[in-house]
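quick one: sequence and predicted model below, then my questions.
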Amino acid sequence: MAAWASSCWVPRIPASAQVIMSEFNTSEIVVGLDVGSTKVSAVVGEVDVEGITILGVGNVPCRGLRKGVVSNIEWTVRAIHEAIDAAQAMAGVEIGTVFLGVGGSHIRSLTSDGVAAIAGREVTRADLDRVLEGARAIPVDADRMILHALAREYIVDNQDGVRDPVGMSGVRLQARVHLVTAAKSCVQNAERCAERCDLEVAEVALASLASADAVLSDDEKEIGVAVVDIGGGTTDLVQFIEGGVGHISVIPAGGNNVTNDVAAGLRTPMGEAERLKRNYGCALGRMVSDAEEIEVPGVGGHAPRKVARRVLSDIIEPRVEEIFAEVRRRMEETGVVDQISSGVVLTGGGVLMEGMVEAAEDILGMPVRLGFPVGVKGLVQLIQGPQHAAGVGLVRYGAQRLQDVDFAVDDDQVPPRFAPETPARGRKFWGWLRDAF
């Protein structure tokens, strides 16, 4: 079972629909749309039997979200429109349908179990679908929806630790599942912004899971690894244990908090504070020479002034320590810190600052590396940075969706990742597939 994430799928075919199935040896366009607190990113990829080729990217700053949640629809719509236009122009394709990546402090996670009888004494994908539906059948608040049901392991009769039970013989199938839930209103507002750009949303998924999929290897997931995705408004923690998602947590602090501290501490406008943070910021004061100086623009007509770069670092370091200390606390709460043998992978735009890896190693007490997107070709120079992990992860997820569609068409069923709460947009998308065939 491949992982989560969100991607935008743009069908090139209408009536014949022959391009969907890989056996025809053709290609499909997959687009990842990541709506974050500080930027909107659209990544266009072409998927064929040889892999994923990046064709175009659109990145646009966005002020319409706060801590991952839409706070101004007009600003968000404008940013999505500009990002899609830029990606379309670069890739030379027309984008009409999107899989939307979302996040925010409203995200919650919990565990659940599902049980189903095995029809025909041999496990099929229909059995997987039923057992995951059983795991989803738990009471949730009326204002929340289930985004993902992520199977950690399956149990066939008394045999546990099964990753893919399809084809195995037995009479009883169980699944240990990690559920990801979100506030309905937050998801619906994000969807509405995309729809106002004349985009059809086929599915909504968690962007931090897409980031993890883009930067991790299977070995890291198997041994145990934590992904810390530091965005503008939030920091997402995703822990993998024995190949599956063990815990997801969202910390309501990110790069914007650091920028606010710099603006207040140096008495400079927010835009200049962001520029100073990106160009001269350092998460560890000991890495900065006392002799270095930077020029800080004034606010309200005051003249620029020279300030020691160490002063900027001294402002940044406490906030970074606070974020990583909270990451450590939440990892300890789950009781699986000892199983994170591969260490921590940092991703997201907030990790680009100098000294972030060293600060994380000091506070978390384990190996830390930066996460760069892997597994794609083409215009890779445009997406080679931690800030592009979510967009690339969404494209990778879309590529896996093509394989899921093959199974859905062959077995006349919807892949089990679609939750019962999937709105009409998802049903309409799969209805189009069935009509096409």
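Thanks, I have the structure now. Numbers count the residues shown, from 1 in each chain.

what's around the nearest residue to A182 once chain neighbours are set aside, how many residues?
Computed as Cβ to Cβ, 6 or more residues apart in numbering, the closest residue to A182 that is not its neighbour in sequence is L147, at 5.1 Å. Glycine gets a C-beta too; all of them are placed from N, C-alpha and C. Neighbour count for L147, taken as other Cβ atoms under 10 Å: 25.

can you give me phi and psi for L147?
phi -80, psi -40 (degrees, to the nearest 10).

what of V47?
Phi and psi for V47, reported as degrees, to the nearest 10, are phi -110, psi 130.

OK, contacts around it?
In this structure, V47 makes contact with 27-30, 53, 395, 398-399, 402, judged by Cβ atoms under 8 Å, 6 or more residues apart in numbering.

and which of the residues you listed is nearest to R125?
Using Cβ to Cβ, the shortest approach to R125 within the contacts of V47 belongs to L402, at 15.8 Å.

which non-adjacent residue is nearest the residue sitting nearest the centre point of the chain?
The chain has A207 as the residue nearest its centroid, 2.1 Å off, counting by Cα atoms, centre = their mean. In this structure, A207 finds its nearest non-sequential neighbour in G101, 3.6 Å apart by Cβ to Cβ, 6+ apart.

quick check: that neighbour touching A205?
Yes: with contact defined as Cβ atoms under 8 Å, G101 reaches A205; the gap is 6.1 Å.

more neighbours: which of those two?
Per other Cβ under 10 Å, whichever of G101 and A205 has more neighbours is G101, with 31 against 24.

quick check: next helix or strand after the host helix or strand of the more buried one?
Counting by DSSP states H and E, the element that carries G101 is strand 97-102. Using DSSP H and E, the helix or strand that directly follows strand 97-102 along the chain is strand 108-117.

report all helices and strands that that next one contacts.
Judged by 3 or more Cβ pairs under 8 Å, 6 or more residues apart in numbering; DSSP states H and E, strand 108-117 is in contact with helix 125-136, strand 172-183, strand 244-251.

ok, 6 Å please
If you count contacts as 3 or more Cβ pairs under 6 Å, 6 or more residues apart in numbering; DSSP states H and E, strand 108-117 packs onto helix 125-136, strand 172-183.

tell me who's in contact with the residue nearest to the centre of the chain.
Contact analysis of A207 by Cβ atoms under 6 Å, 6 or more residues apart in numbering lists 34, 101, 103, 390.

any idea how far G32 is from it?
Taking Cβ to Cβ, to the nearest Å as the measure, A207 falls 9 Å from G32.

likewise I241?
Plainly put, I241 is 26 Å away from G32 if you go by Cβ to Cβ.

with R329 instead?
Counting by Cβ to Cβ, the separation of R329 from G32 is 31 Å.

what does L394 give?
Distance of L394 to G32, computed by Cβ to Cβ: 3 Å.

list the contacts of stretch 308-323.
The list of residues contacting stretch 308-323 from outside it, by Cβ under 6 Å, 6+ apart, reads 235, 253, 257-258, 261-262, 265, 280-283, 285, 288, 290, 292-294, 359.

wait, L100 sits on A202?
No: no contact is recorded between L100 and A202 when judged using Cβ atoms under 6 Å, the distance being 8.4 Å.

and the two? Which one has more around it.
For L100 versus A202, neighbours defined as other Cβ under 10 Å are more numerous around L100 (27 against 24).

show the pLDDT at the more buried one.
Per-residue confidence for L100 comes out at a pLDDT of 88.

over to F418?
32.

tell me the mean pLDDT for the top helix by length along the chain?
Among all segments of the chain classified by DSSP state H, the helix with the greatest residue count is helix 309-334. Confidence for helix 309-334, expressed as mean pLDDT, is 95.

from the chain's centre, how far out does that helix sit?
When distances are taken as Cα atoms, centre = their mean, to the nearest Å, helix 309-334 is centred 22 Å away from the chain's centroid.

quick one, it and strand 244-251 angle?
Compare the direction of helix 309-334 with that of strand 244-251 by axes from the mean of the first three to the mean of the last three Cα atoms, to 10 degrees and you get 130 degrees.

pull out the buried positions in helix 309-334.
Of the residues in helix 309-334, those buried by neighbour count under the rule 16 or more other Cβ atoms under 10 Å are 309-313, 315-317, 319-320, 323-324, 326-328, 330-331, 334.

same check on stretch 62-72?
For stretch 62-72, a neighbour-count test (16+ other Cβ under 10 Å) marks 62, 64-70 as buried.

quick one: list the elements packing against the strand holding G101.
Taking 3+ Cβ pairs under 6 Å, 6+ apart as the contact definition, the neighbouring helices and strands of strand 97-102 are strand 8-10, strand 28-35, helix 184-195, strand 200-206.

could you tell me the end-to-end distance of stretch 176-191?
Across stretch 176-191, the straight-line distance between its terminal residues is 30 Å, by Cα to Cα, to the nearest Å.

average pLDDT across that stretch?
In this model, stretch 176-191 has a mean pLDDT of 93.

beta partners of V115?
Q174 (DSSP bridges).

what of A149?
L179.

my guess is Y154 is in a helix, correct?
No: in this structure, Y154 is strand, not part of a helix, as judged by DSSP: H, G, I helix; E, B strand; the rest coil.

related to what we said a few turns ago, next helix or strand past the longest helix of the chain?
For helix 309-334, the following helix or strand on the C-terminal side (DSSP H and E) is strand 344-347.

just give the strands next to that following strand in its sheet, each with its orientation.
strand 225-230 (parallel), strand 368-370 (parallel).

how about those strands in a markdown table, adding mean pLDDT?
Rendered in a markdown table, the data for the strands paired with strand 344-347 read as follows (pLDDT from 0 to 100):
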| stretch | mean pLDDT |
| --- | --- |
| strand 225-230 | 96 |
| strand 368-370 | 96 |
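
is G265 within a helix or a strand, and which one?
When secondary structure is defined using DSSP H and E, the element that contains G265 is helix 255-266.

which strands or helices does that helix pack on?
Where contact means 3+ Cβ pairs under 6 Å, 6+ apart, helix 255-266 is packed against helix 270-280, helix 309-334.

turn those into a markdown table, columns for distance to V57.
Converted to a markdown table, those look like this (distance: least, Cβ to Cβ, whole Å):
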| stretch | distance to V57 |
| --- | --- |
| helix 270-280 | 19 |
| helix 309-334 | 27 |
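
out of those helices, which is closest to L346?
For the helices and strands packed on helix 255-266, the distance to L346 is smallest for helix 309-334, at 9.7 Å, taking Cβ to Cβ.

between the closest one and helix 270-280, how many degrees?
Here helix 309-334 runs at 90 degrees with respect to helix 270-280, directions being taken by the same axes, to 10 degrees.

run the angle between helix 309-334 and helix 255-266 for me.
Put simply, helix 309-334 runs at 140 degrees to helix 255-266, going by the same axes, to 10 degrees.
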